[in-house]
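Visitor: Take this sequence and fold it.
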Amino acid sequence: MPDIRSGTRDLIEKGLFLPMAAAILNRDLEALDSCPFKLKQPYKQLIGCSLKLAQKDLSDVRKELRKRKIKLYEAERDEAFTLYICTINGYEEKHRYFNPRIREQVTALLEYYLSLATI
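Guide: Numbering: from 1, shown residues only. As a prediction, this is how the structure comes out:
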């Protein structure tokens, strides 16, 4: 069984949650076109800048995961939990996340990237 240190666990969680945050930002950017806002451009710039920052961090996280030979898979999902399989140097570990906790983590990431965005 691999020893997962807190830095590795943080990297794994970023590898799980950053793609979700980027997908949400992408969807929001597309949804702005159909919104009844009079001035859409400032919102598009804010979300676009946030998305660019999130994608850069996601790219860095994926490079680090490859470097450490860590692979992540979603194995199972039900109403309450999502099961992810994490393979580290050939050793497999299962992580179950409570779906509301995933939502909280992704929300925190969205707030973080939106606060970093400078237009």
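Visitor: Quick check: the gap between the residue nearest the centre of the chain and residue 40.
Guide: Residue closest to the mean C-alpha point of the chain, counted by C-alpha atoms, centre = their mean, is residue 18 at 1.4 Å. Going from residue 18 to residue 40 by C-beta to C-beta, to the nearest Å gives 26 Å. Every residue, glycine included, has its C-beta placed from N, CA and C.
Visitor: just residue 30 next, same as before
Guide: Using C-beta to C-beta, residue 30 is found at 12 Å from residue 40.
Visitor: now do residue 20
Guide: Distance from residue 20 to residue 40, by C-beta to C-beta: 24 Å.
Visitor: Of those two, which one has the most company?
Guide: For residue 20 versus residue 40, neighbours defined as other C-beta atoms under 10 Å are more numerous around residue 20 (15 against 12).
Visitor: If you drop the residues flanking it in sequence, what lies closest to that one?
Guide: residue 106 (4.8 Å; C-beta to C-beta, 6 or more residues apart in numbering).
Visitor: from memory that neighbour sits against residue 23, does it?
Guide: No - taking contacts as C-beta atoms under 8 Å, residue 106 lies outside contact range of residue 23: 9.4 Å.
Visitor: More neighbours: those two, which one.
Guide: The neighbour comparison of residue 106 against residue 23 (other C-beta under 10 Å) goes to residue 106, with 19 against 13.
Visitor: Just say helix, strand or coil for residue 31.
Guide: Classification of residue 31 by DSSP: H, G, I helix; E, B strand; the rest coil places it in helix.
Visitor: how about the strands of this protein, start to end?
Guide: 70-77, 81-88, 91-98 (DSSP state E).
Visitor: any chance of those strands in JSON lines, plus distance to residue 53?
Guide: JSON lines is the format used below for the strands of the chain (distance: least, C-beta to C-beta, whole Å):
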{"stretch": "strand 70-77", "distance to residue 53": "21"}
{"stretch": "strand 81-88", "distance to residue 53": "24"}
{"stretch": "strand 91-98", "distance to residue 53": "24"}
